[in-house]
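**Q** Build the 3D model from these lines:
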Amino acid sequence: MSHTLQIGDVTIPGRVLTAPMTGVSDLPFRQTASDQGAPYVATEMVACDSFVRQRPDVVRRAAIGDDLGLMVVQLVGREAEWIAKGAKLAEQAGADIIDLNMGCPCKEVTGALSGSALMREPELAARLIAAAVESTSRPVTLKMRLGWDEHWMNAPQIAERAEQIGIKAITIHGRTRQQFFRGQANWRAVADVKQAVKIPVIVNGDITDLNSARAALEQSGADGVMIGRGAYGRPWIAAALDRALSEDATLDGPDLKEPEGAERFDIILTHLARSLKFYGDVLGLRVFRKHLGWYVENAPIALFGGDLHIRRAEKSRLCQIDCPIALETALAALWTAPPLSIRQSALI
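**A** From the prediction side, this is the model:
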């Protein structure tokens, strides 16, 4: 299998993509993941009407900055006029690829009849896809789910129509909207979409490590994988998975090389610095806390002397620090000192 993906006129230098994630894939996260070699990191979901009206917080979600090898803007909306204007604005802002969201299951999105709610309205979905494709010279891609529920699994039909309209790649999360994130992703069902189209198909859902990435590719026949929640606190994971897959590594796990020790500490501090620069100290620290929590949750267990209670306590303590310099000092003490259990025993 090729180690690159061709999406329209854009060559993705890998086949492990990082999903658009609201509240997660902001510019500091995307820069940090790109630093680590992630071949594709999408923006947070950007509401077209608010984007065109230049609402500051929405414009910030589509922010472009240095250290990004590729700019992918994900748009969401329900009206063709706003989709078209949003796609034009994204291209003007420097987007290499424009992705349409027809997969978000959140009630505030589907309640506004956007996201995965559009899978219940394939004719409207087709009009929105056409509006985006016709308004930009950039490749337009589509992200959706298997269907609304187990009785309405129409992803292959929508995919086939989307390809005819001009969509250049499709990502399928292997769940229905009604499943939200419950149960297990059905990668085998994604194979029906792969068989329906000739454009690249990306499989998404429950991909967190080398085993799950390989299984998802094998069961779906997809051209690549997209990692979402598995990237929480691991901005390096897409690049690590891509290297492991490219090396045709075995399934025993250790072939997935993740940063350790000082290297991981440097990644965390760089991410923190970017968040402070992008949002300002107060908001930047507040936004970073969710990432900090994930970094601690994913830290090597040896850092806490093998004690999960200590890990939880440290996470709570670190996330309550409200001074960037104090947080950096506390992180340095944690990451560069011996495991906590050793330090504690030395005090007895």
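**Q** Walk me through the domains of the chain.
**A** Following automatic domain parsing, one finds the domains of the chain at 5-246, 261-347.
**Q** Using JSON lines, lay out those together with mean neighbour count and mean pLDDT.
**A** Every residue, glycine included, has its C-beta placed from N, CA and C. Formatted as JSON lines, the domains of the chain follow (neighbours: other C-beta atoms under 10 Å; pLDDT from 0 to 100):
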{"stretch": "domain 5-246", "mean neighbour count": "21", "mean pLDDT": "91"}
{"stretch": "domain 261-347", "mean neighbour count": "15", "mean pLDDT": "85"}
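**Q** for the stretch 151-300 of the chain, what spans make up the strands?
**A** Under the criterion DSSP state E, counting those that start in this stretch, strands of the stretch 151-300 of the chain are mapped to 170-173, 201-204, 224-227.
**Q** oh sorry, the question was meant for the stretch 1-150 of the chain
**A** For the stretch 1-150 of the chain, the strands defined by DSSP E, counting those that start in this stretch occupy 5-7, 10-12, 16-18, 42-47, 72-76, 97-102, 140-145.
**Q** Ok, which of those comes nearest residue 314?
**A** Across the strands of the stretch 1-150 of the chain, residue 314 has its closest neighbour in strand 16-18 (26.8 Å, C-beta to C-beta).
**Q** Excluding its own residues, what touches the closest one? List them.
**A** Contact with strand 16-18 is made by 5, 25, 33, 38-42, 171, 202, 213, 224-228, 231, 238-239, 241-242, 245, as judged by C-beta atoms under 8 Å, 6 or more residues apart in numbering.
**Q** picking that back up, can you tell which of the strands of the stretch 1-150 of the chain is closest to residue 289?
**A** For the strands of the stretch 1-150 of the chain, the distance to residue 289 is smallest for strand 42-47, at 17.0 Å, taking C-beta to C-beta.
**Q** Who does the closest one pair with, and is each partner parallel or antiparallel?
**A** strand 72-76 (parallel) (DSSP bridges).
**Q** What angle do strand 140-145 and the partner strand make with each other?
**A** 60 degrees (axes from the mean of the first three to the mean of the last three C-alpha atoms, to 10 degrees).
**Q** ok, residue 208 - contacts?
**A** Residues in contact with residue 208 (C-beta under 8 Å, 6+ apart) are 227, 229, 230, 237.
**Q** same thing but at 6 Å, please
**A** Residues near residue 208 by C-beta atoms under 6 Å, 6 or more residues apart in numbering: residue 230.
**Q** Check the spacing between it and residue 77 real quick.
**A** To residue 77, residue 208 is 30 Å away according to C-beta to C-beta, to the nearest Å.
**Q** cool, and residue 11?
**A** According to C-beta to C-beta, residue 11 and residue 77 sit 28 Å apart.
**Q** In TSV: the strands of the stretch 1-150 of the chain, plus distance to residue 119.
**A** Formatted as TSV, those follow (distance: least, C-beta to C-beta, whole Å):
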stretch	distance to residue 119
strand 5-7	22
strand 10-12	25
strand 16-18	21
strand 42-47	16
strand 72-76	13
strand 97-102	6
strand 140-145	6
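**Q** Looking at those strands, spot the one closest to residue 123.
**A** strand 97-102 (13.1 Å).
**Q** Return the distance of that closest one from the chain's centre.
**A** Distance of strand 97-102 from the chain centroid (C-alpha atoms, centre = their mean, to the nearest Å) equals 13 Å.
**Q** Stretch 91-105 too?
**A** 13 Å.
**Q** my read: residue 160 touches residue 198, true?
**A** No: contact criterion C-beta atoms under 6 Å: residue 160 and residue 198 do not qualify, at 9.9 Å.
**Q** related to what we said a few turns ago, list just the one of the strands of the stretch 1-150 of the chain that sits closest to residue 218.
**A** Closest approach to residue 218 among the strands of the stretch 1-150 of the chain is made by strand 16-18 (14.9 Å; C-beta to C-beta).
**Q** how close does residue 226 sit to residue 206?
**A** With distances taken as C-beta to C-beta, residue 226 is found 11 Å from residue 206.
**Q** Distance of residue 23 relative to residue 61?
**A** 9 Å.
**Q** Tell me which residues touch residue 153, please.
**A** Each residue near residue 153 by C-beta under 6 Å, 6+ apart is listed here: 146, 147.
**Q** thought residue 13 was touching residue 39?
**A** Yes: when contacts are counted by C-beta under 6 Å, residue 13 is listed as touching residue 39 (4.8 Å).
**Q** Which residue ranges of the stretch 151-300 of the chain form helices?
**A** 155-165, 187-196, 210-220, 237-246, 261-279, 281-297 (DSSP state H, counting those that start in this stretch).
**Q** Turn those helices into CSV, columns for distance to residue 118.
**A** Formatted as CSV, the helices of the stretch 151-300 of the chain follow (distance: least, C-beta to C-beta, whole Å):
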stretch, distance to residue 118
helix 155-165, 9
helix 187-196, 16
helix 210-220, 22
helix 237-246, 27
helix 261-279, 31
helix 281-297, 28
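**Q** Can you tell me how far residue 142 is from residue 282?
**A** The gap separating residue 142 from residue 282 is 38 Å, by C-beta to C-beta.
**Q** surely residue 310 meets residue 302?
**A** No: using C-beta under 6 Å, residue 310 makes no contact with residue 302, being 11.4 Å away.
**Q** Tell me how far residue 288 lies from residue 274.
**A** 9 Å.
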